[in-house]
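> how would this look folded up:
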Amino acid sequence: MKKLVLILSLLTFCAFQAQGWGRLGHATIAEIAQRHLTPAARANIENYTHGTPLAEYASWMDEVVATPPYKESLAGWHASICTPDCRSPLYIRRLRRGCKDTVSGLDMMREMLKDYREMPDSMVLEAIKCIVHMVGDFHCPAHVRFTDEVNELKYPVVFFGKEVLLHHVWDTGLIQRASGLTYPDYKEFADRLDTWTRRQQRRVARGWAREWFEDCARDVRPYIRTIPEGAELGQEFVDKHIALAELELRKAAYQLAKALNTIFG
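Okay, here's the model as predicted:
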């Protein structure tokens, strides 16, 4: 038990700096993943969620960041980092982020939850919430960090006439504009995106967190810093970039299902 508490303490050391996907994106990822749980994983997870949809937990890490006892306890695990050629070995994550990143976090969650039946129910539930959020977060283009480029995209642009941070365009504005949906419609958005064949799902779910993140980084790399500060973005931006956003949402969903099935199945 001391080992489990230590690992959880490592996972919950620090304060969130920014959202990944907004509520619509995170809930959609969780909804699709829940549809692809194995019967065993679904039953084991429901022992802790008591039937609450995973989508309702998907933004939990963002929602509690400003409240005790989480104000100083959930930082770092919303992004990860790689080299310019999209490799994310442990030494890079340790050197640049002190292993406080989504890839390292998911690795530690998997190790911790090997003994989840011996853990307090509340601890397991919080771990589930963290996994659901972290897998979604490192697929958001604004949360892929490179050692030669700080890609937080926290500078202002004009999006359909309103000044916002480019980070916000990626996490919320883009997918809401393209889909015409908001958070309460996440099941409808999941219906639109959950169209890949089982073969496609298995292919993107191969490996584990590092492979998933590196694959995402290769998708995202061409788009880094292509939008200057103050740029006016409208429908042309949406049409050009929505395919990348939807690709990463799908990958996150099927990889989240793989993660939960591996741990709880």
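> lowest-pLDDT helix or strand in this structure?
Counting by mean pLDDT, DSSP states H and E, the weakest-scoring helix or strand in the chain turns out to be helix 2-11, with a mean of 42.
> buried residues in the very next helix or strand once past that one?
Helices and strands here follow DSSP states H and E; after helix 2-11, the next one along the chain is helix 23-35. Buried residues in helix 23-35, counted by 16 or more other CB atoms under 10 Å: 23-34. Any C-beta I mention is one placed from the backbone N, CA and C, and that applies to glycine too.
> So which of the residues you listed is the closest to Gly161?
Leu24 (21.0 Å; CB to CB).
> so how far is Arg177 from that closest one?
According to CB to CB, to the nearest Å, Leu24 stands 11 Å off from Arg177.
> cool, Phe138 as well?
Taking CB to CB, one finds Phe138 at 23 Å from Arg177.
> okay, these two: which has more neighbours?
Here Phe138 and Arg177 are compared on neighbour count by other CB atoms under 10 Å; more neighbours surround Phe138, at 29 against 18.
> Would you check that that one makes contact with Trp77?
No - using CB atoms under 8 Å, Phe138 is not in contact with Trp77, being 9.2 Å away.
> Now list whatever residues contact both of the two.
By the contact definition CB atoms under 8 Å, 6 or more residues apart in numbering, Phe138 and Trp77 are jointly contacted by 101-102.
> Poorly predicted segments of the stretch 1-150 of the chain, please.
1-19, 71-73, 75-76 (pLDDT under 70).
> again, only this time at 50
Residues of the stretch 1-150 of the chain that meet the criterion pLDDT under 50 lie in 2-17.
> What is the neighbour count of Gly207?
13.
> That one in helix, strand or coil?
Local secondary structure at Gly207 is given as coil here, using DSSP: H, G, I helix; E, B strand; the rest coil.
> Dihedrals phi and psi, it?
phi 80, psi -150 (degrees, to the nearest 10).
> can you pull up the bridge partners for Lys162?
Phe159 (DSSP bridges).
> and the gap between it and Ala231?
Lys162 is 13 Å from Ala231, by CB to CB.
> next one: Glu188
Computed with CB to CB, the distance linking Glu188 and Ala231 is 31 Å.
> what's the answer for Asp191, then?
33 Å.
> same check, this time on Ser179
Distance of Ser179 to Ala231, computed by CB to CB: 22 Å.
> what about Ala40, how many neighbours?
11.
> hmm, I was thinking of Thr195
Neighbour number of Thr195 under other CB under 10 Å is 9.
> shift numbering so it begins at 80
Done: numbering now begins at 80, and the last item shifts to Thr274.
> Does it fall in a helix, a strand, or a coil region?
Classification of Thr274 by three-state DSSP places it in coil.
> what does the model give it for pLDDT?
Here, the pLDDT recorded for Thr274 equals 98.
> how much space between it and Ile108?
For Thr274, the distance to Ile108 equals 15 Å [CB to CB].
> With Glu228 instead?
For Glu228, the distance to Ile108 - CB to CB - is 25 Å.
> now the helices for the stretch 180-329 of the chain?
In the stretch 180-329 of the chain, the helices defined using DSSP state H, counting those that start in this stretch lie at 181-191, 200-216, 245-247, 253-258, 265-272, 277-283, 288-299, 314-343.
> quick check: angle from the second one to helix 181-191?
Helix 200-216 and helix 181-191 meet at an angle of 150 degrees, taking axes from the mean of the first three to the mean of the last three CA atoms, to 10 degrees as the criterion.
> Pull out the buried positions in helix 200-216.
Applying 16+ other CB under 10 Å to helix 200-216 flags 202-216 as buried.
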